[in-house]
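Peer 1: Predicted model follows, preceded by the sequence.
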Amino acid sequence: MAPTAITVDDIQLGTQAFWTAPLDERDRAFAALRARCPVAFHAELYTLPGAPQGPGFWSLTRYEDVRSVNRRPGLFSSAGGITLSETSPETLEFFGSMIVMDDPRHAKLRLLVQKGFTPKTVAAVEQSVRTRARALMVQAADMGTCDFVEAFAAPLPLQVICDMLGVPAADEKQIFDWTNVILGVGDPDFGAFDALFESALAMYNYAQALGQDRLEHPGDDLVSILMHAEVEGQRLTPAEFGSFFILLAVAGNETTRNAISWGMKALTDHPDQLAAWQADPTAMTPNAVEEIVRWASPVIHMRRTANQDIRIGDAEIAAGDKVVMWYWSANRDDTVFPAGHRFDIRRSNAKDQVGYGAGGPHFCLGANLARREITVVFEEIFRWFPDLRVSEEPARLLSPFINGIKRMECQFTPASVISDINA
Ligand code: HEM
């Protein structure tokens, strides 16, 4: 599609086809919406098998509009669901942890786990992040060619969140498979709605057994904290605990994995950026990590529901309407990020990106942890495999919600002997 050929009416964010199109087409479509129709209404022309047909949704594509809605939770509720597709009350209840709640309940639940995610606690898990990352380097050392996602991007976030939750190592693979299905819903590789429920139920039952164990044998992991915590004088119900567990495992896993994978892809496509980063990692890393999350926008959107009639720009939004904040688009808004589609680790305001949310009460609880993980993975890759490059186009996840990479081959010079791995 030539840039001039796009009319706003051509852009159907509610179709499956839109999300399979090449990324530069996606960029052009969002640029057209930002320029010509920043608050647009889109029909839901595709629904997941088994899901109800939706009434359509408002799309916010400009940075300032996304921030404004994100920061006004009293007007824009999370309780009706956070993805653009229709979500039945049963589904919400099942996954209904704090991310689909409004304050004050949301704030109380968040407080329970917040201390597990402060910069100080994250610094304390630093050593385990490093040890886990190095073990991955050792495993990959003599491969030379491999699937980057499987070898480098997926294991670390999974292992770290499992460590924090207190999940035994033998069960990590199972958690990994369940989270894949939950966030991959809609992609043919991961099955449809039924598979989503089966995986969520299995994970829920797993959580109950683990929780019971920690009730009797408390440790210092998040599951023990959650099982013994009280909100308003009461313990979490099994249902509340189960959905909390699912949220933490899912949110901490896929997102960071995709940031790492897209980061490697961007660095391969922009050798000058890779060289600049490798030349001065100490100075470049913090900004490069922000730029990766801005450019990758691993969570493409979050949705809210209007609590009352409200006007945004020229649009009259009615109470009950779905309002979608396109983080992907806000992160490419040229008025904030000049040439926003370009990957540039020297971008002076990369830290203003909204990949983790835009400053509202649901701002990503794991942002510090994710920054740490992305940092450590790239430090280790640069150290042991400085010539690692992506060697084929990524197999992208078909999803309007998660900007995912399922597989992506990479090549590097094997480092058959990694000496002094713990140095
Ligand atoms: C690059 C990696 C990550 C990205 C891009 C990301 C993105 C996001 C986004 C966009 C939100 C919703 C923000 C909003 O609507 O205002 C969110 C919420 C959340 N994230 Fe992350 N996330 C990442 C990593 C993590 C990690 C490692 C964890 C660890 C468990 C985590 C846990 C959570 C939780 C628990 C919430 C819900 C917070 C609430 O409702 O108060 N995330 N994340």
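Peer 2: Perfect, I can see it now. No experiment lies behind these values; they were computed from the predicted model shown.

Peer 1: How about the contacts made by Ile260?
Peer 2: Phe152, Ala153, Leu156, Pro157, Ile292, Glu373, Ile374, Val377, Phe378 (Cβ atoms under 8 Å, 6 or more residues apart in numbering). (C-beta placed from N, C-alpha, C; glycine too.)

Peer 1: quick one: the fifth one and Trp262 touch, right?
Peer 2: Yes - under the criterion of Cβ atoms under 8 Å, Ile292 is in contact with Trp262, at a separation of 6.8 Å.

Peer 1: and the stretch 201-350 of the chain, which of its residues are near the ligand?
Peer 2: Leu247, Leu248, Ala251, Gly252, Thr255, Thr256, Ala259, Val293, Pro298, Val299, Met302, Tyr327 (Cβ under 6 Å from any ligand atom).

Peer 1: Phi, psi for the residue in the chain positioned nearest to the ligand please.
Peer 2: As assessed by Cβ to the nearest ligand atom, the ligand sits closest to Gly366 within the chain, at 2.0 Å. Gly366 adopts backbone torsions of phi -100, psi 10, taken as degrees, to the nearest 10.

Peer 1: Let me see the confidence value for it.
Peer 2: Per-residue confidence (pLDDT) for Gly366: 93.

Peer 1: mind checking the SS state of Gly14?
Peer 2: coil (DSSP: H, G, I helix; E, B strand; the rest coil).

Peer 1: Help me confirm that Asn253 comes into contact with Gln159.
Peer 2: No - Asn253 is beyond contact range of Gln159, at 9.8 Å (criterion: Cβ under 8 Å).

Peer 1: Can you say which helix or strand has the residue nearest the centre of the chain in it?
Peer 2: Central residue of the chain (Cα atoms, centre = their mean): Thr255, 2.9 Å from the mean position. Element membership for Thr255 (DSSP states H and E) is helix 254-269.

Peer 1: How far off centre is that helix?
Peer 2: 12 Å (Cα atoms, centre = their mean, to the nearest Å).

Peer 1: list the buried ones in it?
Peer 2: Neighbour counts over helix 254-269 (16 or more other Cβ atoms under 10 Å) mark 254-268 as buried.

Peer 1: likewise stretch 216-224?
Peer 2: Asp221, Leu222, Val223, Ser224.

Peer 1: Greatest separation within those residues: which pair is it?
Peer 2: Leu222 and Ser224 (7.3 Å; Cβ to Cβ).

Peer 1: Mind listing the shared neighbours of these two?
Peer 2: Joint contacts of Leu222 and Ser224 (Cβ under 8 Å, 6+ apart) are Gly166.

Peer 1: For PyMOL, write a command that selects the buried ones of the contacts of Ile260.
Peer 2: Burial among the contacts of Ile260 is assessed by 16+ other Cβ under 10 Å; the matching PyMOL selection reads:
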select buried, resi 152+153+156+157+292+373+374+377+378
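
Peer 1: rewinding a little: Ile161 versus the closest residue to the residue of the chain closest to the ligand other than its chain neighbours, what's the distance?
Peer 2: Among residues not flanking Gly366 along the chain, Gly252 sits closest, at 5.3 Å (Cβ to Cβ, 6 or more residues apart in numbering). For Gly252, the distance to Ile161 (Cβ to Cβ, to the nearest Å) stands at 4 Å.

Peer 1: Ile175 now?
Peer 2: For Ile175, the distance to Ile161 - Cβ to Cβ - is 8 Å.

Peer 1: quick one: low-confidence ranges for the stretch 151-300 of the chain?
Peer 2: 184-186, 189-193 (pLDDT under 70).

Peer 1: Summarise which helices and strands the helix or strand harbouring Thr179 is packed against.
Peer 2: Using DSSP H and E, Thr179 maps to helix 172-183. Applying 3 or more Cβ pairs under 8 Å, 6 or more residues apart in numbering; DSSP states H and E, we find helix 172-183 packed against helix 155-165, helix 193-216, helix 238-251, helix 254-269.

Peer 1: Give the buried residues for the second one.
Peer 2: Read it as helix 193-216. 193, 196-197, 199-200, 203-204, 206-207, 210-211, 213-214.
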